[in-house]
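In: Fold the following for me, if possible:
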Amino acid sequence: MEIDMDVNTHRFEGTQQIVYHNNSPDTINRVFYHLYFNAFQPGSMMDVRSRSIEDPDKRIGTRISKLSPDLYGYHKIDLLKQDGKKLKFRINGTVMEVSLARPILPGAKSTFTMEFNSQVPLQIRRSGWKNAEGIEFSMAQWYPKMAEYDEDGWHPDPYIAREFYPVWGNYDVTINIDSTYVLGGTGTLQNATSVGHGYCKASQVKRPNSKKLSWHFTAKNVHDFVWAADPDYKHVTYQMKDGPLLHFLYQSKDTLTKHWKDFPERCAKGFAYLSEHFGKYPFPQYSVIQGGDGGMEYPMATLITGRRKPGSLFGVTMHEAAHSWYQMLLSSNESRYPWLDEGFTNYAGNEAYNKVMFPKGKGDPHKGSFISYTDLARSGKEEPMSTHADHYHTNFAYGKASYSKGELFLVQMKYIVGEETFNKGMKRYFREWSFKHPDPSDFVRIMEKESGMVLDWYLQYWMNSTKTIDYGVKGIKGTSKESTIVLERIGLMPMPVEMVVEFENGKSETYYIPMGLMNGSKEGEFTELSPWAWVNTIYEVPLKKGADDIKKVYLNFERNVADINPENNSMELDHSYEYYFMR
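Out: As a prediction, the model looks like this:
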């Protein structure tokens, strides 16, 4: 692509050439494009949804409905050809349907050329000009983009502000813009000496004396391209050892961005942790750019708001950086499975944050998600995680399911298969599915291969239902020589159970009860008991110890299992009684 930007009118003219490879076994007779900027017009689906949902995103609210023609966004397609033949197309909001001049056969390719002009909207959601912190251009979802075609067909989802499902490709992008602007974004800058601005040594700069500069970026094996521009950007780099070159672009004259000065080294530590534990980052660079309206991930880059305290600045960056693994490399359909993207990212980002901020192991990286999920489960607003991102009834349910419940999917998976097996599985998932489009079953199959267990039950309960986990210690019965601990499954979702028995002599013993559907068990330092069949609500554990010898019994679910009622997870014996009550 090549565009020519008018910074005064916030408009640009562009040309685009796409060489499209049909890697499917199907003959393709039509294609779809996303026209994201069309969402920022009064009456658009994003506008209507923002004004009708019961808990609207405050960043959007009614703002789109109030945009005047010079402030809203649009893409206008002036000409579109396939292999030199002019094409007919139909635009419906943010989606353009194109009838092909000739079918694209399986294994064949076709070249699409386009001339278009666009108006950048006033910044409202992710993309736009003049965001709340004064960044002039946050250019995300900024060009007519081919939709994804996979085994389920086309995915031309209208843009209503949530998730995306993009196409892999190699990008070659040139942006012609006023010479006072500094740019950062996806890919590697090919002409650093021509544009200067901190991308090379001052002595190497060969900038032409012109009103505009041409910024030429290339990127291979990515599925999107983002950039941002501002006259006041300060550009700092940090070269990681055995890692990417990190770029930081922010407004240094803004006193509220003072914490960016000491940020690069901490960010590098976070990147190193992610590469070590989840697979080596394969791209040559990554850019952390002040822009947008919060935090949003893109290939080799993120746009984040910059007026933050150190913990917040690092936290949002680790989340967006972790998306480089879970979406930029393991590119799931985040519209259909937002939790497979956001939940996995939450897990990895929180692990990295906790390690760097608390190197001695303080803090609980997943505590917040346990609390958030419990709120969701008790709210009466929960919907299955299999719900399409755009079709959640509330932002509340979407957010807590996708981020928090999605994160707990991994926390509990680690509990089910064991930490060592889980860590091996995460790296194997990275090795086998990077640069592909995995779905939830693909991930579960990886964990099944590593653990030797059957795990489809876990995916179906956690993703396709809103059934909850609730186990309790129902009671203890017995004599002075032997006793039986009675456990109860109260919730409708089964799980394997770890139980700890503390004795009066100060010793304790851990018992592990695999769940029957697993057809396997994990390794650990515990006494393994017979499987608990999911149809049984009661499970009895006989002990060769008298009831008088037992001090306390508790289920070892803390930080591992999202049991929604932890109050019944333990029982402490009162030995003033001659017998023991059952709950």
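
In: How about the spatially most central residue of the chain: what's its closest non-neighbour residue?
Out: Ranked by distance to the mean C-alpha position of the chain (Cα atoms, centre = their mean), the top residue is residue 342 at 2.6 Å. Leaving aside its sequence neighbours, residue 342 sits nearest to residue 402 (Cβ to Cβ, 6 or more residues apart in numbering; 4.4 Å). Where you see a C-beta, it was placed from the backbone N, CA and C, and this is true even at glycine.

In: what's the spacing between the one you found and residue 335?
Out: In this structure, residue 402 lies at 11 Å from residue 335, with Cβ to Cβ, to the nearest Å as the measure.

In: same deal with residue 189?
Out: Using Cβ to Cβ, residue 189 is found at 31 Å from residue 335.

In: ditto for residue 211
Out: With distances defined as Cβ to Cβ, the gap from residue 211 to residue 335 amounts to 41 Å.

In: do residue 366 as well
Out: If you measure residue 366 against residue 335 using Cβ to Cβ, the figure is 25 Å.

In: neighbour count winner among those two?
Out: Neighbours of residue 366 and residue 335, each counted by other Cβ atoms under 10 Å, are more numerous for residue 366; the result is 21 against 18.

In: And the pLDDT for the more buried one?
Out: Reading off the per-residue confidence, residue 366 sits at a pLDDT of 96.

In: Was I right to think it contacts residue 407?
Out: Yes - the pair residue 366 and residue 407 passes the contact test of Cβ atoms under 8 Å, sitting 6.3 Å apart.

In: where do the contact lists of the two overlap?
Out: Contact criterion Cβ atoms under 8 Å, 6 or more residues apart in numbering; residues bridging residue 366 and residue 407 by contacting each: 347, 350.

In: Now residue 154. Nearest residue, chain neighbours left out?
Out: Setting aside the residues directly before and after it, residue 154 is nearest to residue 32 in space (Cβ to Cβ, 6+ apart), at 5.4 Å.

In: what sits against residue 428?
Out: The contact partners of residue 428, taken as Cβ under 8 Å, 6+ apart, are 446, 449-450.

In: Strands - which of those land there?
Out: When the contacts of residue 428 are checked against strands using DSSP state E, none is located there.

In: ok, those residues vs residue 46, which is closest?
Out: Comparing those against residue 46 with Cβ to Cβ picks out residue 446 as the nearest, at 35.8 Å.

In: That closest one touches residue 425, doesn't it?
Out: Yes - Residue 446 is within contact range of residue 425, at 5.3 Å (criterion: Cβ under 8 Å).

In: anything in contact with each of residue 402 and residue 335?
Out: residue 389.

In: Need the three-state assignment for residue 48.
Out: With DSSP: H, G, I helix; E, B strand; the rest coil as the basis, residue 48 sits in helix.

In: State the distance from it to residue 541.
Out: Between residue 48 and residue 541 the distance is 56 Å, computed by Cβ to Cβ.

In: out of those two, which sits in the busier spot?
Out: For residue 48 against residue 541, the residue with the higher neighbour count under other Cβ under 10 Å is residue 541, and the figures read 19 against 14.

In: Surely the residue nearest to residue 154 is in a helix?
Out: No - with three-state DSSP as the criterion, residue 32 is strand rather than part of a helix.

In: So it versus residue 312, what's the distance?
Out: Distance from residue 32 to residue 312, counting by Cβ to Cβ: 38 Å.

In: If you count surrounding residues, which of those two has more?
Out: Summary of the neighbour comparison: residue 32 and residue 312, criterion other Cβ under 10 Å, with residue 32 having more neighbours (18 against 14).

In: Tell me which residues touch the more buried one, please.
Out: Contacts for residue 32 (Cβ under 8 Å, 6+ apart) come out as 95-98, 146-147, 154, 156.

In: If we use 7 Å, what do you get?
Out: With contacts defined as Cβ atoms under 7 Å, 6 or more residues apart in numbering, residue 32 is in contact with 95-97, 147, 154, 156.

In: Got the phi and psi for the residue lying closest to residue 199 once chain neighbours are set aside?
Out: For residue 199, the nearest residue in space outside its immediate sequence neighbours is residue 192; the separation is 3.7 Å by Cβ to Cβ, 6+ apart. Torsion angles at residue 192 (phi, psi; degrees, to the nearest 10) stand at phi -60, psi -40.

In: Quick check: the gap between residue 192 and residue 241.
Out: When Cβ to Cβ is the yardstick, residue 192 and residue 241 sit 22 Å from each other.

In: So for the two, which residue has more residues nearby?
Out: residue 192 (18 against 6).

In: now the strands for the stretch 51-200 of the chain?
Out: Secondary structure of the stretch 51-200 of the chain (DSSP state E, counting those that start in this stretch): strands at 74-82, 85-86, 88-92, 95-104, 109-119, 128-129, 137-139, 145-146, 148-150, 153-155, 169-178, 182-185, 188-189.

In: JSON lines for these, including mean neighbour count and distance to residue 55?
Out: Conversion of these to JSON lines gives the following (neighbours: other Cβ atoms under 10 Å; distance: least, Cβ to Cβ, whole Å):
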{"stretch": "strand 74-82", "mean neighbour count": "17", "distance to residue 55": "29"}
{"stretch": "strand 85-86", "mean neighbour count": "10", "distance to residue 55": "46"}
{"stretch": "strand 88-92", "mean neighbour count": "12", "distance to residue 55": "27"}
{"stretch": "strand 95-104", "mean neighbour count": "17", "distance to residue 55": "26"}
{"stretch": "strand 109-119", "mean neighbour count": "17", "distance to residue 55": "30"}
{"stretch": "strand 128-129", "mean neighbour count": "22", "distance to residue 55": "23"}
{"stretch": "strand 137-139", "mean neighbour count": "25", "distance to residue 55": "25"}
{"stretch": "strand 145-146", "mean neighbour count": "21", "distance to residue 55": "29"}
{"stretch": "strand 148-150", "mean neighbour count": "19", "distance to residue 55": "29"}
{"stretch": "strand 153-155", "mean neighbour count": "14", "distance to residue 55": "26"}
{"stretch": "strand 169-178", "mean neighbour count": "18", "distance to residue 55": "36"}
{"stretch": "strand 182-185", "mean neighbour count": "25", "distance to residue 55": "32"}
{"stretch": "strand 188-189", "mean neighbour count": "18", "distance to residue 55": "41"}
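
In: To residue 436, which of the ones you listed lies closest?
Out: Nearest to residue 436 among the strands of the stretch 51-200 of the chain is strand 148-150; the distance by Cβ to Cβ comes to 10.4 Å.

In: Which residue, other than its chain neighbours, is closest to residue 307?
Out: residue 256 (3.9 Å).

In: how many other residues sit next to the one you found?
Out: As a burial measure, the neighbour count of residue 256 was computed by other Cβ under 10 Å and equals 11.

In: is it true that it lies in a strand?
Out: No - applying three-state DSSP, one finds residue 256 to be helix, outside a strand.

In: Please name the residues that touch the closest residue to residue 37 other than its chain neighbours.
Out: On the basis of Cβ to Cβ, 6+ apart, the spatially nearest residue to residue 37 that is not a chain neighbour turns out to be residue 73, at 3.4 Å. Listed by Cβ under 7 Å, 6+ apart, the contact set of residue 73 reads 37-38, 40-41, 119-121.

In: Dump the residues you listed to JSON lines, plus pLDDT.
Out: Supplementary listing: the contacts of residue 73 in JSON lines, determined by pLDDT from 0 to 100:
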{"residue": "37", "pLDDT": "98"}
{"residue": "38", "pLDDT": "98"}
{"residue": "40", "pLDDT": "98"}
{"residue": "41", "pLDDT": "98"}
{"residue": "119", "pLDDT": "98"}
{"residue": "120", "pLDDT": "98"}
{"residue": "121", "pLDDT": "98"}
